[in-house]
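K.L.:
take this sequence and fold it.
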Amino acid sequence: MQFKLKYLLFILALILSVNISAQKTKRQVLEARRIQNQKDQIYIKALLSNTKRKEKNLLNDLSDLKDKIRTRENLIKAITNESNELGNEIYLNQLKINQNKRDLEALKKAYAAMIFQSYKSKSKNSRIMFLLSSENFYQGYKRFQYMKQYTSFRKKQGEEIHKKTVELQILTDTLKLKKEQKQALLSNNKKEKELVEKEKKNQENLLSQVKKKEGKYKRQIRKFQKEEARIDALIKKAIRDAIAASNKKFGKKTSTSAVFSLTAEAKELASKFVSNKGKLPWPVEKGYVSTYYGKQPHPIVKTATIQSHGVRITTNKGSKARAVFEGTVLAVQVMSGNKKMVYIQHGNYITVYKNLENIVVETGDKVKTKQIIGTIFTDRITDKTILGFVLSKNTNTENPRNWIYKM
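P.N.:
Residues are numbered from 1 along each chain as shown. Reported below is the predicted structural model:
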């Protein structure tokens, strides 16, 4: 029965140890995520604070505020997750402390009994008599060995008690630290929630002003969407023309195929591109997605719908656009306002970089991953620097979020 109890206690201690280790690893991930969210929040706040508009525009103000609220809410979520995980760690840590206390108490009792027994027969004469009363040499030798082992065992028990005492102290100190960390997180969370509430009230105030001129802003949105649709049509046509040219090289009828005819080298490049899905670098060194891919209600004027065939990334003034993967510059197009658009081919995949002011590549150039393509245009009125990024397989656009690392 006693053996069974010891075995069960050992299994419980092992499970606790494994759980604490697993919890620690999970919290390290959550802590890293929280720190990254804090960095994102600081970056976006600084970026928007540096934007000095020449013209007041409620839609831009609301869009900025929405980005601030979104990043702050992400931070609150990260803090909450980490705090909950820390709570689990504290619970398991307390269980471990309780188990150690029981183990230490049992060790001390056993050691005390052993010391008492040793005290009863501690005299030198009694030890000698114990050896001399042996019936033969073999028995005397065995008794001598037993005495040595008993002394060694006593020493080990003493060391084990010391080890358990130190371990208990470390666990107790760790528990105190974890509780302080959790308290700090909860305090930070409360502060962030108060700021979000404040920003949301400001947002409601701005929204009420937008509603008064909803018709005006809807017209602005339609105008912007019309221009975007025109650019999307240009992109599709440019890719179709490139497909037709590739088919012509292979002697195929251009009207029968909507996919690129590829050389063995181009097929290998496309395969490498696909194998990096979800791991491609961002087309800017630093920035955040201000418009996501797909059909969606306008973030401010909910009655208006927008269609995005790529993503829009807001970044710092003077930022450079860079290739997300090795490839060949397929085409360069000049748009209104002398803004440029660069197409890079990666086998049968095309990445498009819109809204560039100055470019440093030409059609036919071979580019490497993260190679600079050009400088992103900064709007003179809104003072915003936004890169448009499109990714397509042949003529079909794909969601860049599935391809770019942690988008």
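
K.L.:
separation between Glu85 and Lys226?
P.N.:
As for Glu85, its distance to Lys226 is 48 Å (criterion: C-beta to C-beta, to the nearest Å). In short, each C-beta sits where N, CA and C put it, glycine included.

K.L.:
neighbour count: those two, which is higher?
P.N.:
Glu85 (19 against 10; other C-beta atoms under 10 Å).

K.L.:
give me the phi and psi angles of the more buried one.
P.N.:
Note on Glu85: backbone dihedrals following degrees, to the nearest 10 are phi -70, psi -40.

K.L.:
the residue nearest to Ile359 when sequence neighbours are not counted: which element?
P.N.:
Of all residues not flanking Ile359 in the chain, Gly374 sits nearest, at 3.5 Å (C-beta to C-beta, 6 or more residues apart in numbering). Using DSSP states H and E, Gly374 falls within strand 372-376.

K.L.:
which residues touch the helix or strand following that strand?
P.N.:
Downstream of strand 372-376, the next assigned helix or strand under DSSP H and E is strand 385-393. The contact list for strand 385-393, computed with C-beta atoms under 8 Å, 6 or more residues apart in numbering, reads 231-232, 235, 239, 283-284, 287, 290, 309-319, 321, 348-356, 376-379, 397-400, 403.

K.L.:
from those, list just the buried residues.
P.N.:
Neighbour counting by 16 or more other C-beta atoms under 10 Å classes 231-232, 235, 239, 283-284, 287, 290, 309-316, 319, 321, 348-356, 376-379, 397-400, 403 among the contacts of strand 385-393 as buried.

K.L.:
that older thread, quick check: beta-bridge partners of the residue nearest to Ile359?
P.N.:
Ala321, Ile359 (DSSP bridges).

K.L.:
contact partners for it?
P.N.:
Lys320, Ala321, Lys340, Val342, Tyr353, Leu356, Glu357, Asn358, Ile359, Val360, Val361.

K.L.:
among the residues you listed, which ones are buried?
P.N.:
With neighbours counted by 16+ other C-beta under 10 Å, the contacts of Gly374 contain buried members at Lys320, Ala321, Lys340, Val342, Tyr353, Leu356, Glu357, Ile359, Val361.

K.L.:
now do Asn189, the pLDDT please.
P.N.:
What the model reports as pLDDT for Asn189 is 81.

K.L.:
roughly how far does it sit from Leu86?
P.N.:
From Asn189 across to Leu86, the span is 12 Å (C-beta to C-beta).
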